[in-house]
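Enquirer: Pasted the sequence and its predicted model underneath.
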Amino acid sequence: MLPYPEDERVAPLADLFRLLGDPTRLRIVLACVQSRRAVGAIADALGLSSSLVSHHLRLLRAARIVRAEREGKQVFYAAADAHISAMLAGMLEHVAEPVPKWQELT
């Protein structure tokens with residue numbers, strides 16, 4: 001069931017969308033949805049510095065969008081849960097849909 005405007009979940013939901021509204025953070029999350037990845041692997045795949053990726057991962061982890069798993073000295077990041085993966089898959093599907101004729105601007 002979707003929340004009503006006065007629902008206390010609206011503000012945290014808006015914060016989640018604000019975090020995902022940054023293209024760099026969104027690309028990082030999408031990389032983590034595909035597979036568990038270390039900071040260096042994410043940085044290499046996206047052409048970013050490890051320090052920038054680490055900064056964004058701290059924010060994403062605090063918002064429970066990604067989770068960290070330590071294996072020895074290495075930390076791997078993945079989407080926090082199936083809700084995050086499903087939401088992103090649904091939104092990617094949505095933006096790939098053609099615009100209906102009735103909705104095109106004239």
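Expert: Happy to help now that I have it. This structure is a prediction, so every number in the text was calculated from the model and none was measured.
Enquirer: isn't residue 28 right next to residue 59, touching?
Expert: No. In terms of CB atoms under 8 Å, residue 28 does not count as a neighbour of residue 59; the distance is 9.8 Å. Placement of C-beta: from N, CA and C, glycine included.
Enquirer: Which of these two has more residues huddled nearby?
Expert: A count of neighbours by other CB atoms under 10 Å puts residue 28 above the other of residue 28 and residue 59, at 27 against 14.
Enquirer: for the helix or strand hosting the more buried one, packing partners?
Expert: The secondary structure element spanning residue 28 is helix 23-34 (assigned by DSSP states H and E). Identification of packing neighbours for helix 23-34 by 3 or more CB pairs under 8 Å, 6 or more residues apart in numbering; DSSP states H and E yields helix 10-20, helix 39-46, helix 50-62, strand 66-71, strand 74-79, helix 82-96.
Enquirer: tilt between it and helix 50-62?
Expert: 70 degrees (axes from the mean of the first three to the mean of the last three CA atoms, to 10 degrees).
Enquirer: So what would you say the end-to-end distance of stretch 14-31 is?
Expert: In terms of CA to CA, to the nearest Å, the two terminal residues of stretch 14-31 are separated by 22 Å.
Enquirer: Can you point out the buried residues in that stretch?
Expert: 16, 19-20, 25-31 (16 or more other CB atoms under 10 Å).
Enquirer: Dump these to CSV, plus distance to residue 87.
Expert: CSV is the format used below for these (distance: CB to CB, whole Å):
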residue, distance to residue 87
16, 9
19, 13
20, 9
25, 14
26, 12
27, 16
28, 15
29, 10
30, 12
31, 16
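Enquirer: which stretches of the chain aren't confidently modelled?
Expert: 105-106 (pLDDT under 70).
Enquirer: what residues are up against residue 26?
Expert: The neighbourhood of residue 26, defined by CB atoms under 8 Å, 6 or more residues apart in numbering, consists of residue 20.
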